[in-house]
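Asks: coords please:
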Amino acid sequence: MYNIVLIAHSWLRWVVLLAALLATGSTFMKPAPGADDPADRWGLLFMISMDLQMLLGLLLYFALSPNMQEIMNNFSASMQRADTRFWAVEHVTSMMLAVILTHVGRVLARKAPNASAKRTRLMVCFTLATILILAGMPWPGRPGGRPLFRL
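Replies: Numbers count the residues shown, from 1 in each chain. This next block holds a predicted model:
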């Protein structure tokens, strides 16, 4: 079970990243008159993929990951090492903030008084969420880094 969830979480990050880039990029383009706003469609895909990724991540964090169990058993010692601190605090914090920003952006956009304000709110929240996602991903070569594609 652990390996299946870990592989799904690892591959879903690319869907999340692509959706984040498309959602953020679509806020910079004005929709054609009478057409659906692509920022709505990509923003929804971004939010759904973030929610699914968060669900898998929390399942790993609290239930399945033997690495996290070891980190939690020796939390103070884990904070002294960059790689275990990344998993225990930095990754979780940045990704949770990204999920929150994605949802806040969609709510603020729905409550916007006009289309321009809607796009600005989405642009700000989605850009910040994308930056947090990029900063919180376990890139190879950094402490706690993982392979780009897990099999």
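Asks: When you work out contacts or count neighbours from here on, use the C-alpha atoms and nothing else.
Replies: Will do.
Asks: Phi and psi next, for Ala112.
Replies: Backbone torsions of Ala112, given as degrees, to the nearest 10, read phi -70, psi 140.
Asks: Now do the contacts for the closest residue to it other than its chain neighbours.
Replies: Of all residues not flanking Ala112 in the chain, Lys118 sits nearest, at 5.1 Å (Cα to Cα, 6 or more residues apart in numbering). By Cα atoms under 8 Å, 6 or more residues apart in numbering, the contact list for Lys118 reads Leu108, Ala109, Arg110, Lys111, Ala112.
Asks: how about Lys118, secondary structure?
Replies: helix (DSSP: H, G, I helix; E, B strand; the rest coil).
Asks: Check Pro138 too.
Replies: coil.
Asks: Just give me the neighbour total for it.
Replies: For Pro138, the neighbour count with other Cα atoms under 10 Å is 20.
Asks: That one against Met95, yeah?
Replies: No. Using Cα atoms under 8 Å, Pro138 makes no contact with Met95, being 11.3 Å away.
Asks: And the helices in the chain?
Replies: 2-26, 38-59, 66-73, 75-78, 82-85, 91-110, 115-136 (DSSP state H).
Asks: Can you mark which positions in the longest one are buried?
Replies: Yep, that's helix 2-26 we're talking about. 5-6, 8-13, 15-26 (16 or more other Cα atoms under 10 Å).
Asks: And it, what does it pack against?
Replies: helix 38-59, helix 115-136 (3 or more Cα pairs under 8 Å, 6 or more residues apart in numbering; DSSP states H and E).
Asks: returning to that earlier point: as TSV, the helices of the chain with distance to Gly144 and mean pLDDT would be great.
Replies: Rendered in TSV, the data for the helices of the chain read as follows (distance: least, Cα to Cα, whole Å; pLDDT from 0 to 100):
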stretch	distance to Gly144	mean pLDDT
helix 2-26	14	96
helix 38-59	15	95
helix 66-73	11	93
helix 75-78	12	92
helix 82-85	4	94
helix 91-110	9	97
helix 115-136	10	95
